[in-house]
Structure formats: C-alpha cells, structure tokens
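# I would like the atomic coordinates for the input below:
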Amino acid sequence: MIHQLNVKSRGTSEVMDGWIVHYFAPEGLPPIPMDIILVFDKSGSMLGRKMSQLQAALIKILDDTKDIDRIMLLSFSHTVHSWNRGLVAADRNNKEAAKQYIREQMAFGGTNINLGITEGLRELKTYNHGDRPALMIFLTDGKATSGVTDTERILQNIINANTYNIPIFALAFGREADYTISKKIAAKNFGFARKIFEDADATLQITGFYDEISSLLLEDVNFKYLDGALYDSTVTDRRFNNYFKGSELVVAGRADDINRLQQGMKISATGYGHRNISLNYPPNQCTILPYKDQGLPPGERHPGMMEKLWAYLTIKQLLKKMDATDIYQEIKQIETEILRISLKDPIPGDLICLTVIKDRTRGAGDPFRPGQSNPPFDHSDIDKHLGSSNGGNVASDVNAPVVPPAPPVSPSLSATSTTPQFVITVTGLSDPLCFNLPLTSGKEYKLLDAARGSSGILRDLQATVTAKSGNRSRLSITSGSQQIAATATEATYTANNKCLFIKETDIANLQIDGVTKTPTIYFLHVNSEIKYRFSKTVITSKVVNPSSEASSEALFDVTLPDEAFLSAFKLIINGTEYNGEVKEKEQAKKEYDVAKSRGQSAGHIVSKPRDSNKFQIQVNVAATEKVTFELTYQELLRRRIGNYEQIIFINPRQIVNDFRVDVSIEEYRNITTVNVPPLRNDILTENREGENRDADIVRLSETEVRVSYSLTASQQRALSEQGVSGQFVVQYDIEREKDSGEVLVMDGYFVHFLAPEGLDPMPMDIVFVLDRSGSMSGNKMKQLHESMLKILDEISEQDRFMLISFDNQLNFWRNELVQATSSAIADARRFITSISARGSTDINSAMTEGLKVLASERNNSRAPILVFLTDGQPTSGVTNTVKILENIKLFNEVQIPIFSLAFGKGADYDFTKKVAAQNNGLGKRIYEDSDAALQIAGFYQEISTVLMRNISFKYVDGSLNKTTLTRNNFNTYFKGSELIVAGQIQDMERLQDGVQVFAKGYENVDIGLKRPWICVLPPPITLPPVPAIHSEPSKSVKPTMMENLWAYLTIKQLLRKKDGIDDKEEIENINKKILAMSLKYQFVTPLTSMVVTLPDNSKAGLSSDTVEKPIAAGCSVSAEPLGLQTWTPKITIPSLRVNKFRGSKLQETVVISSNQTVPQVDCLADGIRLGILSDQGVRVTADISGRQRKQYTGILSRFVNMKCKVVRRTPRNGKQVVKIKCRQRNKPTLKLKAIERTASSGESCLFLNKKMTNLLNLIPSNYEIIP
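Numbers count the residues shown, from 1 in each chain. You can find the predicted model right below:
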C-alpha cells in the first residue's frame, strides 16, 4: 500500500539561470524503531580523561535512546566483549544495566578494529531479522595495532561481513585516531565519519553526533523527475539511504525544460511500519533573478549562486565517492572531474590551490583597482603549471605545489616563510619526493636527513611505486612504524631534475614535528594553604620566550573558584621582583597600556565580563627572556553537602617539565575525612568519583593534613598532548558536636563558625515554579525532566510539595501542597514528563501564585522554600523586572526563601540574582551543557534538608565594634552547610562573658546548643628587620589572616547586598565601601584591577633598604658556617587568656601576662615549652620553634580542662628525662617524656620531641618572616 505524504512536506526548489536546487525536509513523520549497536574502543590509549568522557557520552546516549529502539553494546581492545548477547529493548531496566556495564569498562590492551566491527556486524546479522532498520556507531582513538592491521584487508573484511548493508557511522577520537580509515569505513558502508577533538567538550561532541542520527524518519528516499526535465549527467545524488529528523536532503542539477520540471516530480520512501510513502506533487518553486556581472569583459560571466551550489554539492559527493574506492583508474577519473569543476567555478580544494599574482606593470603594494579584472590565469596545462616556478611573481601561494630551485641536504624553514617547499631523497625511488607543508603560526619546522634519522622526524623513509599511469604514481611510503598510501605527480624543480610531488593531505599523515617559538611554560607550581577554612593559593609559573628576535605576548586564562578574590600578582624578571598593586579598574588598565606601548614586560589582571571566576593575565615577554609570575588568591571555603571543597583549576595547554600542586590543611578541630577525587572537567557526571591515585595524602596529626600532586612530562602526555587539564579537588570535613561552633580570635578580630551536628531535620513545604515557554524546547526540556525526576526521588516523606509549570499560562499539578507519599511522587513524575515547551514567559504570575500557595498554608513547624527556574526573560504579563520584584516582595511578607536558577545563555541572570538576594535565597547560573540536569539536581541537594530556622548570633554588648560585624541573622540553616560571622573585637573580656546562638528547630522548638569553643590564636610572628644605613622604619602593617578573612566576608556581603537593591545612590555608597576595602586589603573585585609594570630603566633593578633573616622565634640561630654574625632577638608575646569550663560553668582562667619576654634558648629539637603547675593544669609560657623554622599555633585550645603533672625525673646521659601524665575529660591519659633544660635566664623548661608533640596534637606549620 502506498501512502501520500502531506503536501506541506514536498519541499522547495530554487531556480536561477537554469540551475535548480531541491530541498526536502518533511515534518510530522513518526520515528522508525531502530536496532542500534555501539561499538567502542577500550584499548590502553583510551586511559584517563578520554575513557571518562566516552563513558559519560555513552550514558547520555542511552538516556536519549527511544523506548521503541533496541540496543546492543560491544567493547573491544585486542579482544571483543559484548554486554549482552542479542538486541534488547531500550527500556529503563536494560538502560540501567547497560550504564553499569559502561561504568565498569577499563582501558587496556591493543586495538583490533577488524574484530570489533566484524563481530558487531555478525551480532546484528544474527539478531536483526529484517523487521527494522539497524545502524552501528563505531568509535576508536587510534590505529589498528592488533589482529588484522592492514587497512585494505580491514575494509574488505567489513564489506564481506556487512551483507545487510547496515550503515556504519565512524568517530575518530583524538589526534592519534586514523581519521582516513574512519572515513573509508563510513563511506563504504552508507554512513559518514566525524572527527572528535580531544577537548573538554568531547562528551558533548559525541552526544551531539548521536543526536543527528538518533531519530530515523524515512528509508530508501528516491527523487524522480519527469524525463527531459533535467540534464541527467548534471544531477547530484537522488537516492538516499536514510533521512534523519532535523536533517535535510538536497538535490541539484541543470534544468533542461523548466515547464516539464514544474509539471511534476515524485519522491518515494519507506516510513514507519514499512509503509511505502509517495509524493507526486511538484515542489514549491522560487525563481531567483541572477546577479548582474559588472566589470567583466564581453562574453565572460560569474557562475550564478545556484550553479556554485550545484558545483559544491557535486564536488563533495565526488570526494566521498573517492573515499569509498581503492581502484586507481576510478580515483583518477574522479580527480579529473573534481579538477575540471573546481577550475571552472573556481572552488579551491584538495586538487587546486588559490594563487595571487601581482601584475608586473604595477608598483609594489599597488592594490587592484575597481573596474579592473584580475590578471588572467592559464589553467590549460595543469601538470605544467604544477612544475613551474612562476618567475618569482607569486605574492601569496596557499598550499601551492611549487618545488624549490635546488634540493637542500637538510633544509629548514623559518616561521615567516609563505611558501614552504621540501625535497628529500628516499630509498627505493629514482626521483626524490617533493612536497609542501601548511605552516602553523609560531612554529619553526625542520626536516632532518632521513638516512641518518638523527632526532628523526622522518625516520628510515622508504617508498615503492604500487601503480603508475602517465605522470601519476601510486606510492606506498613508510617512515619507522608509520605507513601511508599517497598519490604523486611528476614535477620539475630545476631544468634537469624531476621529483614526485605529493599532495599535502597525503604527506600530512607522516609525523613532522614543529619546534614551538611561542612563550613556553617550563615550571608550574600551585601551593594552597588552608587555615581554618580560609585558603591562600599561590600559582607560580615560569615562562621563557625562545625567540631571539621579537617580544611576544603570552595570554593566560586563569580560572579561579567562584568565591575567590585575587590578592597579589608579581613579575620576576632577571631576578628582580615587580609587585602588582590593586587599583581602581580604569587606572590600572591605563598603566598597563602605557607600559606595553613602550615594549616593556608588563602584567595586567582584570575580571572578564559575564564570568566572574575567570581572570585574564597578559604578559608581554621580551625576546629570549624568562619571566616568572606569581598569582595569589584567597577564598573562604564554603561547606556544601557536608564537605569543604578546595578547587584548583589547571590548564597550562602544554606539557610542563616541572609541574606540582601542594595543599596544606590546618584546622582547630580534628579533621575527620580527606578525599582527592580524580581530575574533573567542567561537565558533571553521575559516576562515583573515586580517588586520584597520583595524589599523596599525609596526615601529620589529627588536625593537619598535607596533599601533594605532581606529574612527570610523560605522565602528562599520557593524559593529553596538551598536558594536564581539569579541576584538582581536595575535599575534607572536621569533627562536629551539637554546640554553638567555634570562635577563633587573632589580633583583635574574630570569626565564628557554626555547623552543629545531631539535629533533626525540619519538615519542608516546597513549591517548584518551572518555565515551559517555547525557548525551553529540545534538550533543555529533556534536562528539566531528568533533573526534576531526580529531585522528586530525593524529597522526604515528611515534606509537602507543589509543582507549577508556566509559559504565558499557568499549569498547576495540584491546587495545594501535597504530602510526599509514594503515590504522590509517582503522579508528580507523570506530570513532569508531560510538560512540553510552548508559549511565552509570564514570570510575574508564576512567582506570585507560587508564593500564595506557600503563604496560605503557612505553618511555623515547617520550613517553606520556593525553587524557581527560567531560561529567559519576562515576555508576557508584567514584563518590567522592577515591577515584578515589587510584586514578589508584596506577596512574600513572611520572607519565604526563594532559590532562583537561570538556565542557559538567554536567561536574565542579573534579574534572578536580585530575586534571590531580596528574598533570603541564592541565585545560580545553570550552564546549558550535557550535565545541566546534574547541575539542577545538585543545587537542590544543597537545600533539600533544613535543620534550623531564624538563627541569630548574640554577643554581649560592648564586646564588639558593631559597625564591623558581618551578617549575624540567618533565615535558614541547611544540612551540610555552615554559617559564619566575623568582626572586630572591642573588649575581649566581655566577649568571653557570653556568646550565644538562638534558633528554631524541629517542631519549632528552641534549639539548645552548648557554648562555643573560644580559641585565641597567636598572630604570625614577625621579626624586626636588620636596620640598613639611611633607612627609615616601615610604617605599613600587614593585616593578619583573621582580619583578611573579615574583610573578605564583608566585601562578599556588600556585593550580595548590591545585587538586591535598585536605588542608585545606595549602590554608589556600597561601591565606595567595596572600593575602599578592596584597595586597603589588596583584593581584585569587580571594582578593582591589578597592574605591575617595570620602571623605564628596567636594567637598573630595585634596591632594598631592608634585609630579611630567617630567624626561628625565641631561639638563637647559629650562622657561623656562613660567615654571618649571630643575632639573638627577643620576642614579645601578647596577652592571652584561656577559660576552662566544666559543661557551661566557668572554672578557671589562665592568663599569660603581656610584655613577657622570651629569653634565649638553644633549641636542638622541635619542642614546646610547658610550665607545670602540679595538678592545676598547664600554663603555656611561650612557643618555641626548632631549627626547621616551624611554629606551633593553636596550642592553647589543646589544654582546656587538661591537667598535667610531673611523675618522675630520671638523669640519663647527663640530661634530666622528665615523665609527665596529662589527663583530659573523656580522653585517655597521655604519658609524655620531655628533656628538662635551663634557659639563659636560669628558668627551666621542658622540651618535647616530635613524637610527644604529636600525642598532644601540637601542629607545626610553616611561617614567613615579614619586615
């Protein structure tokens, strides 16, 4: 039975100057069920990021496979492994089983392409009974190294196995993949090939390829025109194996009789259910007037647009046909036809080049004038032209096969040449080979003597002639392990010498290395120091410009975590340091431009627009110069889902000889978990991350951890030719109790951390407001479905929820909040999957209705939140964003937190941020990538469990400078997060008298939290510099870590406050505060920038009036071996106080008096000096560091409620060995040994070795001495 297609589907044809192009892309057709087999490479070369990207892509492909399809998976290395014998329905259970199989795949072994494809075809042949079409997707990242490795045999074996003519779509993954064989496999088997580039978006490239072929609408499509309507010899392909959804079929040719063409044509095809579909209507026709040929001699004309389009299509189809054949005569005929069409139109391609010839009669640089024709170009004798030298008239010749006047023995080519030409003698040929190379900017190319093979770029080059016809030869060329087939044409390079010229596309398959001439990174170290969640990260990169002629600007894109502020930038040139200075943005840019215009080395750092976590660093590197730059940024680590996470972005885009990352963590409480997952890319996956096997984790004590990560050049190359690329992540958490957190004090500033454990989760009321407007169509709607299904699975049974989808109208799932029972969740899942994109975007109505639902069922014992997602801007109803914000505020009198998600580039992120900032929530950008569903679900996971509401931090009046206090009232505390307050202390004694946290918890009861831990941290010890002659004392005082942390929090909160207001005057006042603090604390924020420039006389260097000496605090440093004078400083310890509690009752206060002087002590080992007060506890009188220049910090907190006493003194080897017992509540007794020594003052002190200090959890940490 023949079914007629709808007349709207017949397509259109465009006619110009007698040429016709027919476009056909019908809609409204049901998809045809398919059998799909995925054959993928898991050989050893797929190890690392490529395997991770492939797994993520295959999992996404399985998610997108339709339920009507059947699937099969087959992986191969040197052997083949099938997931499941036979084709199975693509239902949910089978997909999940297939995903698990994909996740378990590991890269190993060789590459047996022949076995992988032929076995896959046999499987399809066995289980596909002709009842539905089948296709194969084949992916490899290398060449055949196992089994049958000869390309021709592999191709023939595949053809022999493919008796059902199953289309094969081939993907060549990465640089090492043999794209030529992939193209041939596809061309010979009714498919097409695609090159997958080895970049961060490889997963998207693979899934995007699948999207093109995932929905088959028609098979065996045949275009038929009335006899005499077209010149048959000109018509392009009229038969097509498949028509996929979203594609288009195109036929072109020369019309013979337009009237007959208009009378009718026929398109026949096979559709859903094996129905024969026929269309007998003529296409919609449009006649396009030709362009007027202006300025051409009589009798000449430009080809019309339709004729050019026909020529383009014809050449493309001929090239594909050439890929599918190995018959020499047929290849020659195709090349001749391509050449004829290319020269006629003309269209540069593989067989011709574009040559610009300067008229001899014109002066140098004299351009062509309007109305004048270009100099004529004689195409009559192609072979003769290939062998000519053009008499030096070639101004620019791209890929031109012009050979040099004389063959050099070992020629080289500078990067400034425009006509690369090489001739080289080859074993096995009487005539040498000659060829060109495409130049890459910034590279210097060199061909070495193949006979010697020294540093061999072309090693052991040999060639044999396999076929010859006229002046054309078919060659088989080998170089080491490489082997290629090439076509060569005889050419003349001198009057008496000939060579065989090889096309660039053939010779490019040989490995010809370039030596980079652009600035190179040879050293990259990242050092991150985390103290009490506040991290300071220093990136040190050393760059060399290998060019001896010109300066070059190196451009670095440094990605910082979203919450980080850049705080320092330093250039080191010829041993001299030039430090950056944070300035107002416009002023910094002007200074950089002035320095750059003078040719000086300069660095400038600015925040990139629309992506605040990326910073651009431009370094102008002089010729042969080495430049070191140090970039420092600071960040308060935010606790998410029960972990602190330090993310370091690494992407040098090249192999770095010296590469290393070090992360140190020091906390006040015990560190409970530390994890370093494998390098991440930008795309999230559902796979369990596991561990980074190249990272070393060392626990120095219960409160200190060191993490190191370094890779050799070969290890980096194994990951990618561009070296390491990804996010290096360190995750950790600390010990917690049901208390009011800890208050850390240093040098007059405090930070209060709160993240209690052991609280019952509060029941929640959640309303989801979801955009379903027309712009959400396609992949975004799929990802919304996927993310919401994941979220529904996470909702607790004690929660209530509601779903609203909106475009210009609202669609309510229910009319009220519904308890999250299993039946309600199942019904909600059906509602979500039924949402389809349509209409415009009425944000105002959707938001206000969602707030009405929550307000109408308000219950103090439940925690309400509204989650809002949109991908655009308001286009319906109220469209003024200021008015929408006012309406939201009007309907949100009870201060319900609103969490807003801006999905994709078209979303108004500034507006969604304002919605969240004005309503106690958070705004987040959802990137329109393959992991968008995971981004949305991950965001919800952070806010899915409420533990406390209406949290208030109270401090005794007069204890703080209230103008410095950061936000101390919070609407909601979510499980796995942390609340932080900071400020300046006005009266330490009053602060110790009372710090309280009030909050509401489960069933709206007041939460009783124990008193917070209060720890006074000693500030970093700074030694006075050795005075220099004619020097003046330094007046600048560097802020301590705690003051920096307070400044960081304050600026962040001011920026967030600015997001939530529209008053211009208030915004200007906030900007002034942010700018003042940014300049004072040297933070690069949206209002500041950093610049560092050399002085005009850069050779003079910098003079220093101060000299730093690495002195250990409180210890004499012997420097006699270096011939220096010994200097014994005396350090003043500030006044410190420790309160001892039993429960909430204050028992005792221990005070270290101010202005106490630490006498000289000869330190022979690391230790801490303890004053023993019988059984009354421990009095810490000083911090003593040893020769390793380490300082013990956070010591006082270790001795709260601890009682120590000396139990025995024993003389041994002339020393007094002291045994001490220390007891602390709920902890085992500590038995310590110490050496009793006498200081120069006559006072005795006890020294503990490293083993003893570890028992006491005393933490050594590196410190720097600052003048």
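# Give me the residues contacting stretch 873-883.
By CB atoms under 8 Å, 6 or more residues apart in numbering, the residues outside stretch 873-883 that reach it are 773, 807-808, 839-845, 884, 887, 906-908, 911, 914, 1062. Glycine gets a C-beta too; all of them are placed from N, C-alpha and C.
# nearest residue to Leu1017 other than its sequence neighbours?
The spatial neighbour of Leu1017 that comes closest, neighbours along the chain excluded (CB to CB, 6 or more residues apart in numbering), is Met746 at 4.4 Å.
# what's the pLDDT at the one you found?
We have a pLDDT of 87 for Met746.
# residue contacts, it?
Val1016, Leu1017, Pro1018, Pro1019, Thr1040, Met1041, Met1042, Glu1043.
# Buried only: go through those residues for me.
Val1016, Leu1017, Pro1018, Thr1040, Met1041, Met1042, Glu1043 (16 or more other CB atoms under 10 Å).
# Which of these sits closest to Arg653?
Met1041 (33.4 Å; CB to CB).
# just checking, the closest one touches Glu529?
No: in this structure, Met1041 is not within contact of Glu529 by CB atoms under 8 Å, at 9.7 Å.
# Could you say which helix or strand holds Ser52?
helix 49-64 (DSSP states H and E).
# what do you get for Asn887?
Per DSSP H and E: helix 881-891 holds Asn887.
# Take the contacts of stretch 873-883 and keep only those in helices.
Counting by DSSP state H, these place Ile843, Asn844, Ser845, Ile884, Asn887, Phe911, Lys914 in helices.
# Next, give me the two most distant ones among the residues you listed.
Ser845 and Lys914 (18.2 Å).
# Next, the buried residues of the helix holding Ser52.
49-62.
# With stretch 155-167 instead?
Those would be Leu155, Asn157, Ile158, Ala161, Asn162, Ile166, Pro167, for stretch 155-167 by 16+ other CB under 10 Å.
# Got the phi and psi for the fifth one?
Main-chain torsions, Asn162, degrees, to the nearest 10: phi -90, psi 60.
# And the nearest residue to Lys975 once chain neighbours are set aside, how close does it get to Ser836?
Nearest residue to Lys975, sequence neighbours excluded (CB to CB, 6+ apart): Thr945, at 3.9 Å. As for Thr945, its distance to Ser836 is 32 Å (criterion: CB to CB, to the nearest Å).
# Same question for Ala202.
31 Å.
# Repeat that for Phe40.
33 Å.
# Give me the more crowded residue out of those two.
The neighbour comparison of Phe40 against Ser836 (other CB atoms under 10 Å) goes to Phe40, with 25 against 13.
# host element of the more buried one?
Going by DSSP H and E, Phe40 is in strand 35-41.
# List the contacts of that strand.
Counting by CB under 8 Å, 6+ apart, 54, 58, 61, 65, 69-77, 87, 111, 116-117, 120, 123-124, 127-128, 132-142, 173 sit against strand 35-41.
# Who are the contact partners of Thr258?
Small correction: residue 258 is Ile, not Thr. Val15, Gly18.
# what's the answer for Ser710, then?
Phe659, Arg660, Val661, Asp694.
# one step back: quick check, nearest of the ones in helices among the contacts of stretch 873-883 to Glu581?
The nearest one, if we look at the ones in helices among the contacts of stretch 873-883 relative to Glu581 and count by CB to CB, is Lys914, at 33.1 Å.
# I figured that closest one hits Gly1060, correct?
Yes: contact criterion CB under 8 Å: Lys914 and Gly1060 qualify, at 6.0 Å.
# So between these two, which is more surrounded?
Applying other CB under 10 Å to Lys914 and Gly1060 shows that Lys914 carries more neighbours, namely 23 against 15.
# Glu886 versus that one, what's the distance?
With CB to CB as the criterion, Lys914 and Glu886 are 11 Å apart.
# How about Ile936, nearest residue that isn't a chain neighbour?
Ser787 (3.7 Å).
# pLDDT score for that neighbour?
91.
# Check the one 5 residues further on too.
The predicted structure scores Leu792 at 94 on the pLDDT scale.
# quick one: it is in a helix?
Yes: per DSSP: H, G, I helix; E, B strand; the rest coil, Leu792 lies within a helix segment.
# Let me know whether it touches Ile825 as I believe.
Yes: using CB under 8 Å, Leu792 is in contact with Ile825, at 5.3 Å.
# between the two, who's got more neighbours?
More crowded of Leu792 and Ile825, by other CB under 10 Å: Leu792, with 19 against 16.
# so what's that one up against?
Ile825, Ala828, Arg829, Ile832.
# how does it look with 7 Å?
Ile825, Ala828, Arg829 (CB atoms under 7 Å, 6 or more residues apart in numbering).
# And Thr1210, by the same measure?
Contacts of Thr1210 (CB under 7 Å, 6+ apart): Val1217.
# What strand or helix carries it?
Per DSSP H and E: strand 1202-1212 holds Thr1210.
# Pairing partners for that strand, with directions?
strand 1215-1224 (antiparallel) (DSSP bridges).
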